[in-house]
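Engineer: Predicted model and sequence follow; I will ask about them next.
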Amino acid sequence: MKLIDFFKEHPRVAVAFSGGVDSAYLLHAAKQYAKEVRAYYVKSAFQPQFELDDARRIAKELAVQMTTLYLDVVSDETIASNPSNRCYYCKKRIFETIKEQAKADGFAVLLDGTNASDDVDDRPGMKALHELSVLSPLRLCGLTKAEIRRLSQEAGLFTWAKPAYACLATRIPVGEQITEEKLKATEAAESYLSSLGLNDFRVRLMGNAAKIQVPAAQIGKVIENRESIIAELKRYYSAVLLDLETRE
């Protein structure tokens, strides 16, 4: 099946929109082929501000209406207790929220950006998508991550080269309580490192310390900025560590 054929079968769609590579291309395709499309972004403490900013930018460039919904996930103890399948409970809350609003807006079909490269067996959140009958056109049409990046570049989407991003909660070890304070510290630390020109990195919580993981090619930049990084991150953490195993 091709995307044009999918949207012939589903001409009016709601898109669960994150502002990432996959959902941005999906929104682009929906704008091209569907008769009517609306994007829905869920803002919670798990998403940094730049993700919302990117989502708004893409929606504006594509001239697609985007509805922003706010969700307090940290007050949900099942999610905040951070079990190994936290992603399932979180995804279910997010997609239930979107589905309810989309239905009220007259959209019966909800889509997400899961692609053909995603490992379904390794993603607890996929169970929630299945339970809520969320459709994944990119996966149904066999589009891989590499193909989506290529097509996004051809379409002029700025997200084509955007690094993969996992929510802020993934920086906290499984089983450790998630709090607003920990999430805000992570966002502030990663925002600062990003301002130095680093990309595709993580700041993980290890006890009360920050463990910085960067690609091997960026270790030099971390060392160059060592003093300023320590000064900034020690506003939130007891110590600042650099993971020499790096991100590949």
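Structural biologist: That came in fine, so what should we check first? Residues are numbered from 1 along each chain as shown.

Engineer: Dihedrals phi and psi, residue 209?
Structural biologist: As for residue 209, its main-chain torsions (degrees, to the nearest 10) stand at phi -100, psi 160.

Engineer: and the residue nearest to it when sequence neighbours are not counted, how far is that from residue 109?
Structural biologist: In this structure, residue 209 finds its nearest non-sequential neighbour in residue 239, 4.0 Å apart by C-beta to C-beta, 6 or more residues apart in numbering. Every C-beta, even on glycine, is put in place using the N, C-alpha and C of the backbone. Distance, residue 239 to residue 109, using C-beta to C-beta, to the nearest Å: 49 Å.

Engineer: quick one, which of these two is more surrounded?
Structural biologist: Remark: of residue 239 and residue 109, residue 109 carries more neighbours, 16 against 13, as counted by other C-beta atoms under 10 Å.

Engineer: That one touches residue 13, doesn't it?
Structural biologist: Yes - assessed by C-beta atoms under 8 Å, residue 109 is found in contact with residue 13 at 4.9 Å.

Engineer: Buried ones in the helix or strand bottoming out on mean pLDDT in the chain, by neighbour count?
Structural biologist: In the chain, no helix or strand scores lower on mean pLDDT, DSSP states H and E than helix 125-131, which sits at a mean of 87. By 16 or more other C-beta atoms under 10 Å, the buried positions in helix 125-131 come out as 125, 126, 128, 129.

Engineer: With stretch 108-115 instead?
Structural biologist: So for stretch 108-115, counting by 16+ other C-beta under 10 Å, buried means 109, 110, 111, 112, 113, 114, 115.

Engineer: now for those residues, which pair is the farthest apart?
Structural biologist: Greatest spatial distance among those (C-beta to C-beta): 109 and 115, at 18.3 Å.

Engineer: ok, the buried residues of helix 125-131 vs residue 75, which is closest?
Structural biologist: residue 128 (18.7 Å).

Engineer: OK, contacts around the closest one?
Structural biologist: Residues in contact with residue 128 (C-beta atoms under 8 Å, 6 or more residues apart in numbering) are 88, 89, 91, 92, 95.

Engineer: The first one contacts residue 130, doesn't it?
Structural biologist: No - the criterion here is C-beta under 8 Å, and residue 88 misses it with residue 130 at 10.6 Å.

Engineer: average pLDDT for the longest strand seen in the chain?
Structural biologist: Counting by DSSP state E, the longest strand found in the chain is strand 36-43. The average pLDDT within strand 36-43 is 98.

Engineer: Let me have the contacts of residue 128 in CSV, extended by neighbour count and distance to residue 206.
Structural biologist: Shown next, in CSV, are the contacts of residue 128 (neighbours: other C-beta atoms under 10 Å; distance: C-beta to C-beta, whole Å):
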residue, neighbour count, distance to residue 206
88, 20, 25
89, 19, 24
91, 22, 26
92, 19, 29
95, 23, 31
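
Engineer: Poorly predicted segments of this structure, please.
Structural biologist: 120-123, 246-248 (pLDDT under 70).

Engineer: can you give me the strands in it?
Structural biologist: Under DSSP E, the chain gives strands at 12-16, 36-43, 66-70, 110-111, 202-206, 209-213, 239-242.
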